[in-house]
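Colleague: how does the following fold in three dimensions:
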Amino acid sequence: MAFVLRNMFSLLTFVATFSLLFNSCYCFYPKLLNASLAATESDWSPAGATWYGSPTGAGSDGGACGYGAAVEQAPFSAMVSAGGPSIFKSGKGCGACYEVKCTTNSACSENPVSVVITDECPGCVSESVHFDLSGTAFGAMAKSGQGEQLRNAGVLQIQYRKVKCNYPGKTIAFHVDAGSNPNYFATLVEYENGDGDLGSVDLKQALDSDSWVPMQQSWGAVWKLDSGSRLRAPFSIRLTSLDSRQTLVATGVIPAGWEPGQTYRSVVNFNG
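Modeller: Numbers count the residues shown, from 1 in each chain. Model (predicted):
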């Protein structure tokens, strides 16, 4: 009798344990999966999208941010966009990186593509957020071989989200504006990892080890300092990103004897 009772107790223990494990697996993992999917989908917001320029081009030759012919070259590689007012931000949005994807047309691949804001679309106000993409970037949202079909669709409703910029192997570059002179210094800032866009830029002269002088946004991604007196190079430049407010210093990046029209590369970049 004791043997039978022991066997019955062991059987009941096994059944209870198996039931607990089965119920835990059945109820727990789907909840985790749903929570993960919900968090991912919530990153995306609606926007409108059009395209301009050549069907396989970079939109315009540089546009309102001042990047010039660089928009066609790596790392931009024509994957760029003009932004409506809410994302161009009067030029403060220059350099910001976004993922965009379309799902509303049969030619849409539904896969996200990355673009950089390099131009302005002041009339793009029919939606709160609008991307006027280069022909290349617009076509990249299409299924293979259907880029032309998608470009013929007109205005698209798309999904977008802001992402970190990441330019592997690139450090921040400073292209000195052609109008710069010994009393006036202006520079285009490009290839910032992370936020991609800048909230403020400061300059420190060679013989002034303590004082940072705020530069003013001239236009687009160009920042200027009109000192009214002779500036003393080399210059160090301090950058503060727009959203995360990260700060980075390019020490002595503009050398003594700098020249207008030249590009000077730093040895630093934000974390991508």
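Colleague: name the element A256 belongs to?
Modeller: Using DSSP states H and E, A256 is not contained in any helix or strand.
Colleague: I figured it was touching A233, is that so?
Modeller: Yes: using Cβ atoms under 8 Å, A256 is in contact with A233, at 4.5 Å. To be clear about C-beta, it is placed using only N, CA and C from the backbone, and glycine gets the same treatment.
Colleague: gap between stretch 161-179 and the chain center?
Modeller: Centre-to-centre, stretch 161-179 and its host chain are 11 Å apart (Cα atoms, centre = their mean, to the nearest Å).
Colleague: swap in stretch 171-185?
Modeller: With Cα atoms, centre = their mean, you get 24 Å for stretch 171-185.
Colleague: flag every buried residue along that stretch.
Modeller: Across stretch 171-185, burial judged by 16 or more other Cβ atoms under 10 Å covers 172-177, 180, 185.
Colleague: same thing with stretch 90-108?
Modeller: For stretch 90-108, a neighbour-count test (16+ other Cβ under 10 Å) marks 91-102, 105, 107-108 as buried.
Colleague: filter the residues you listed down to the ones in strands?
Modeller: By the criterion of DSSP state E, membership of these in strands covers 97-102.
Colleague: what is the nearest of those to Y67?
Modeller: Closest approach to Y67 among those (Cβ to Cβ): C97, at 13.5 Å.
Colleague: would you mind measuring from that closest one to R161?
Modeller: 10 Å (Cβ to Cβ, to the nearest Å).
Colleague: also V100?
Modeller: Look at V100 and R161: by Cβ to Cβ, they are 8 Å apart.
Colleague: which residues in the stretch 1-150 of the chain form strands?
Modeller: Per DSSP state E, counting those that start in this stretch, the stretch 1-150 of the chain carries strands over the ranges 45-52, 80-83, 97-102, 113-120, 130-134.
Colleague: what residues are shared contacts of A256 and A233?
Modeller: Here A256 and A233 have A206 as joint contacts, going by Cβ atoms under 8 Å, 6 or more residues apart in numbering.
Colleague: dump the residue contacts of the residue most central in space within the chain.
Modeller: When Cα atoms, centre = their mean is applied to the chain, the residue found nearest the centroid is C97 (1.5 Å). Going by Cβ under 8 Å, 6+ apart, C97 touches 114-117, 162-166, 196.
Colleague: may I have the beta-bridge partners of it?
Modeller: With DSSP bridges as the criterion, C97 is bridged to V116, V163.
Colleague: so what touches stretch 202-218?
Modeller: By Cβ under 8 Å, 6+ apart, the list of residues contacting stretch 202-218 from outside reads 91-92, 177, 185-186, 200-201, 223-227, 231-238, 240, 252, 256.
Colleague: how close does the residue nearest to R161 when sequence neighbours are not counted sit to Y160?
Modeller: Nearest non-adjacent residue to R161, counting by Cβ to Cβ, 6 or more residues apart in numbering: D43, 4.7 Å away. For D43, the distance to Y160 equals 10 Å [Cβ to Cβ].
Colleague: neighbour count for those two, which is higher?
Modeller: Neighbour totals were compared for D43 and Y160, and Y160 leads with 23 against 12 (other Cβ atoms under 10 Å).
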